[in-house]
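> Quick one, what's the 3D model for this:
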Amino acid sequence: MIRERLGKLRECMKAAGIDCYLVPTSDYHDSEYVSGYFAVRRFLTGFTGSAGTLVVTKDEAALFTDARYFIQAARQLEGTGIILMKMNEPKVPTLKEYLEQVIAEGQTLGFDGRVVRAVDAREYEEILEKKKGKLVWDKDLCEAIWTERPDIVHQPVFVLKECYSGESASSKISRVREKMKEEGADKHILTSLDDIAWLLNLRGNDMKNFPIVLSYVIITMEKVMLFAKGEREETRDGEKCEVWMPELLDYLKENGVELCSYDDFYDYVSGLHGESVLLCRGRVNCRVEKELAGDVTVIDKPNPTELMKAVKNPVEMENLRKAHLKDGVAVARFMYWLKTNIGKIPMTEWSATEYIDKLRQENDNFIETSFDTICAYGANGAINHYSASPQDCLTLAPEGLLVVDSGGHYLEGSTDITRTFALGPVTAKMKEHFTLVLRAMLNMRATKFLYGCRGSNLDVRAREVLWEKGLDYKHGTGHGVGYILNVHEGPNSFRWKPLPGQESAALEEGMVTTDEPGIYIEGSHGIRIENELLCRKGEENEYGQFMYFEDLTFAPIDLDAVEVSLLGETDKKRLNDYHKEVYEKLSPYFEGEELAWLKEATRAV
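Now for the predicted structure:
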């Protein structure tokens, strides 16, 4: 099937005069996760991971993806003829280096410019200039191949009230305009969906696990133009969906926002002349830049909203504490169910996924899961972003390790937590690895540092525990988390080796970052333990402003998998102090056997 699809793509390439075609994992808004309509790379490769770029030539096809997906991609690409390019591995070319190799003198590179970032398109053009080749940026060749392609979804929109957002849309817009003045910009083009949702305090359901509204925004000093679908949207079955209720239209008007047609955005951009426009080439797509007239001055700077939304305000911080408390109760109840029923009732990775998702859904103000739950047993735990399904899942047995990475969106904020559970006897090596990961996680959360440090400065606090044993994990130690937005949010992160163009920011009070070291042994087991940390100001003295992390996540860590002899006294104190607080916070929500179990699960070691 995949070979057939690639064959049809090559026929379209030939007809369009394209020698090399590139398909990233993106939508028109540079989103990390995409809705069904935009899952072109998945359709052409069969690879279901959230990150990857496909390159197709007349004779070859290659998929570039990162270490989170090496095992998964190798399995899913088997038999397709597609070469797996393991990014950042020795002797593996970068995407740019590969394009330089496969594009011959005078040849043409093509892609859909709406799903390729402007900054990347510029790099590709540099290659073609050297090769005296040509760039074709306006071809979505998959349209002719994917006959059953899903529709673009536009769902009803709702306002996130100020009791949750902590700041009005008009206040946020004013702050952005101040930044525009500082940069000398007449207009600001904003196409990233999380930035738009945060700015206007709007949320929707146009994408699974990402409560946003498919839209574009252009900000001037007088008004904000929101390019989105109209008041009523016709669905595939012919029914009308109320996208914008009358009170929402009133809300937009009150905040100086003009609702424009989603389909008119590029026409408006192409009509701009003689102005200074603030945009981020790393977030807008290639077509946006291509549509701008030659007399427009581009101010290429990060979106002001990126840092603004990363720094949670006091209302958001207090709401997040509430969200994590009820989320912790759900995770603890799941752990109780798992521990007391394993080996007694039938369980699979999928039924366990359904159970923890159900527990979250029972919480007040629950919206949806913040990503598809990762529930990976045994060797599947070594696949960082493993995904079970009803048709393809392992049966759980009372032995070995189960990794569960899950989270939820609530009106009070978003959560992301990973726990690894011992379902019964585990090997000495598994216990050793679990204890190393635990120590690494505890190290990071206990970090005290001077203001100005970045995540790249602190990543070693977790990783050094594993490095001492000649071990590592091929992902960042932590990522920022949005407020009912993308569960992976910049610019803050813990990552010793920054991704290209994504330098981590100085850690500010109010930033939320995950703390999630792991160990992954292919064919055997995986371990990850993840909490969310809230950056706070500590003491200020002659050395400067000290910072520390406040725990947001409160759920038991499985002591059955800990080798206590490998813990130092400092490790024990950190673990015991954490578990004491877990019990104090969660115990009011438990009684009877569950409460007795919780007390034992959080016992001192």
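> what does the domain assignment say about this protein?
As recorded under automatic domain parsing, the domains making up the chain are 2-144, 158-309, 311-601.
> Between the two ends of the shortest one, what distance do you get?
What that stands for is domain 2-144. Criterion CA to CA, to the nearest Å; first-to-last residue distance in domain 2-144 is 15 Å.
> pLDDT of it, averaged?
Average pLDDT, domain 2-144: 94.
> quick one: residue 342 and residue 423 touch, right?
Yes. Between residue 342 and residue 423 a contact is recorded at 5.0 Å, counting by CB atoms under 8 Å. C-beta coordinates here come from the backbone N, C-alpha and C atoms, glycine included.
> returning to that earlier point: make CSV from the domains of the chain and add mean neighbour count and distance to residue 150 to it.
Output for these, formatted as CSV (neighbours: other CB atoms under 10 Å; distance: least, CB to CB, whole Å):
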stretch, mean neighbour count, distance to residue 150
domain 2-144, 18, 4
domain 158-309, 18, 9
domain 311-601, 19, 17
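> re earlier: can you check which residues contact both of residue 342 and residue 423?
396, 397, 398 (CB atoms under 8 Å, 6 or more residues apart in numbering).
> and the second one, that's in a strand?
Looking back up the chat, that one is residue 397. No. Assigned with DSSP: H, G, I helix; E, B strand; the rest coil, residue 397 falls outside any strand and is coil.
> those strands in the stretch 151-300 of the chain, which residues are they?
158-159, 187-190, 202-203, 216-219, 224-228, 232-234, 240-242, 257-261, 276-279, 297-300 (DSSP state E, counting those that start in this stretch).
> hey, least reliable of these by pLDDT?
Lowest mean pLDDT within the strands of the stretch 151-300 of the chain: strand 232-234, a mean of 57.
> Centre of the chain to stretch 84-93, how far?
Here stretch 84-93 is found 22 Å from its chain centre; the criterion is CA atoms, centre = their mean, to the nearest Å.
> contacts for that stretch?
Outside stretch 84-93, the residues that reach it (CB under 8 Å, 6+ apart) are 62-67, 70, 73-74, 77, 94-95, 98, 101, 497.
> Take those residues and keep only those in helices.
70, 73, 74, 77, 95, 98, 101 (DSSP state H).
> Export the domains of the chain as CSV, with columns for distance to residue 152.
Shown next, in CSV, are those (distance: least, CB to CB, whole Å):
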stretch, distance to residue 152
domain 2-144, 5
domain 158-309, 7
domain 311-601, 19
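> what sits up against stretch 217-235?
151, 154, 157, 173, 176-177, 180, 186-191, 196, 199-200, 213-216, 240-244, 249, 252, 255-262, 264-265, 268-269.
> Return that stretch as CSV; C-alpha atoms alone will do.
What follows is stretch 217-235, C-alpha atoms only, in CSV (Å, rounded to 0.1, in the frame of the first residue of the first chain):
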residue,chain,number,x,y,z
VAL,A,217,-4.3,36.9,13.4
ILE,A,218,-3.0,40.2,12.2
ILE,A,219,-2.5,42.9,14.8
THR,A,220,-2.4,46.6,14.0
MET,A,221,-2.3,49.6,16.4
GLU,A,222,-6.0,50.1,15.9
LYS,A,223,-7.5,46.6,15.6
VAL,A,224,-7.0,42.8,15.6
MET,A,225,-8.1,40.8,12.6
LEU,A,226,-9.0,37.2,13.4
PHE,A,227,-9.1,35.1,10.2
ALA,A,228,-11.3,32.0,11.1
LYS,A,229,-14.2,30.1,9.8
GLY,A,230,-17.5,32.0,9.8
GLU,A,231,-20.4,31.8,12.3
ARG,A,232,-21.8,28.6,10.9
GLU,A,233,-19.8,25.8,9.4
GLU,A,234,-21.3,23.0,7.2
THR,A,235,-20.1,19.5,8.2
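> on that earlier part again, name the nearest of the contacts of stretch 84-93 relative to residue 300.
Closest approach to residue 300 among these (CB to CB): residue 95, at 21.2 Å.
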